[in-house]
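A.B. asks: My questions are about this predicted structure, shown below with the sequence.
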Amino acid sequence: MKFFIDTANLNQIREAQDLGVLDGVTTNPSLMAKEGITGRKNILQHYLDICNIVDGDVSAEVVATDFDGIVEEGTELAKLHDQIVVKVPMIKEGVKAIKYFTSKGIKTNCTLVFSAGQALLAAKAGATYVSPFLGRLDDISTDGLNLIEEIRLIYDNYEFETQILAASIRHTMHVINCAKLGADVMTGPLSSIDGLLKHPLTDSGLAKFLEDAKSFI
Ligand code: G3P
């Protein structure tokens, strides 16, 4: 299972990278705005800064919603760095653009996916990644994990190569349950990765080992 971090914060990206388990980064316009990054030039530079910290794929989202606009914006993003994955919303024009990018060998991440039907379309268009937003489904009392399970079944039935990128992860149990269900990738905040480290028996066990080791010195 690949671990992506879902943030545009360079310090958090560095911290996750330093742990040695990071496989990539996902961003979206809200996460970029949260870091106070404005203006096309600064936004493009920020994506480059992220690519220079991590080794893996970095999703950069288009904001155009028409085919020509998505293609123009996505092509510019893809030219920035070979780690860039063009993130495209699950709308009709987006599906057409994903098909176009696929034909040009440009990697894509189909975002804002909330149903199995949408995930099927993304795979048919050849998306590299599909991003079902499980936390946002949970927010409206719908089982987000069930969607991951449905997509896994459909993709396995037809051997689609599109990778399931479980997005809108909020906590460690989302990560663990997505791993059980066979999601290819998870993207979440740093806390969802750090949380996997924690167990009180690890802490108390280490404290006892260190106490007993004092006599060795
Ligand atoms: O990057 C897309 C997705 O992960 C957003 O998550 O927490 O805003 O629902 P969230």
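C.D. replies: That came in fine, so what should we check first? Residues are numbered from 1 along each chain as shown.
A.B. asks: Show me the helices in the protein, by range?
C.D. replies: 10-19, 29-34, 40-53, 67-80, 92-103, 116-124, 134-139, 144-158, 172-181, 190-194, 200-213 (DSSP state H).
A.B. asks: Take the ones you listed and write them to TSV, including distance to Asn109, mean neighbour count and mean pLDDT.
C.D. replies: Every C-beta, even on glycine, is put in place using the N, C-alpha and C of the backbone. As requested, the helices of the chain are exported to TSV (distance: least, C-beta to C-beta, whole Å; neighbours: other C-beta atoms under 10 Å; pLDDT from 0 to 100):
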stretch	distance to Asn109	mean neighbour count	mean pLDDT
helix 10-19	17	15	97
helix 29-34	14	14	96
helix 40-53	13	15	97
helix 67-80	11	17	98
helix 92-103	9	19	98
helix 116-124	9	20	98
helix 134-139	15	18	97
helix 144-158	14	17	98
helix 172-181	16	17	98
helix 190-194	18	17	97
helix 200-213	35	9	97
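A.B. asks: Adding distance to Met1, write the ones you listed out as a markdown table.
C.D. replies: Output for these, formatted as a markdown table (distance: least, C-beta to C-beta, whole Å):
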| stretch | distance to Met1 |
| --- | --- |
| helix 10-19 | 15 |
| helix 29-34 | 22 |
| helix 40-53 | 21 |
| helix 67-80 | 26 |
| helix 92-103 | 23 |
| helix 116-124 | 18 |
| helix 134-139 | 15 |
| helix 144-158 | 12 |
| helix 172-181 | 5 |
| helix 190-194 | 12 |
| helix 200-213 | 21 |
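A.B. asks: The ligand: which of these is closest?
C.D. replies: helix 134-139 (4.6 Å; C-beta to the nearest ligand atom).
A.B. asks: before we move on, the earlier item: now the helices of the chain in CSV, with distance to the ligand?
C.D. replies: As requested, the helices of the chain are exported to CSV (distance: least, C-beta to the nearest ligand atom, whole Å):
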stretch, distance to the ligand
helix 10-19, 14
helix 29-34, 7
helix 40-53, 13
helix 67-80, 15
helix 92-103, 15
helix 116-124, 14
helix 134-139, 5
helix 144-158, 10
helix 172-181, 10
helix 190-194, 10
helix 200-213, 27
